[in-house]
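Peer 1: How does the following fold in three dimensions:
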Amino acid sequence: MTIDKLAKLREEWYSQPDHSEQTEEEHIDDELLELNILFKSRGVTVAGENSVTVSKDETDKKCDNES
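Peer 2: Residues are numbered from 1 along each chain as shown. Have a look, this model is predicted:
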């Protein structure tokens, strides 16, 4: 296939309307994916992905017991 044929197929594929409407969840998922891609392109770490889990600090318990 030549590049022209591929371009023509891409244009045809993307010009066809989507017959199924997105649910609210699918719409939100798409937006989150777009944000994730944007953040990664700017070098920002997205929470939940290669991030540290935050747990309650043990010093809070010591402070409560001292009073």
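Peer 1: mind checking how far Glu21 is from His27?
Peer 2: 10 Å (CB to CB, to the nearest Å). Where you see a C-beta, it was placed from the backbone N, CA and C, and this is true even at glycine.
Peer 1: Can you list the low-confidence ranges for this protein?
Peer 2: 1-2, 18-19, 45-67 (pLDDT under 70).
Peer 1: what about the helices in it?
Peer 2: Ranges of helices within the chain are 3-15, 24-41, 59-66, based on DSSP state H.
Peer 1: how about JSON lines for these, with mean neighbour count added?
Peer 2: Compiled in JSON lines, the helices of the chain are given as follows (neighbours: other CB atoms under 10 Å):
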{"stretch": "helix 3-15", "mean neighbour count": "9"}
{"stretch": "helix 24-41", "mean neighbour count": "11"}
{"stretch": "helix 59-66", "mean neighbour count": "8"}
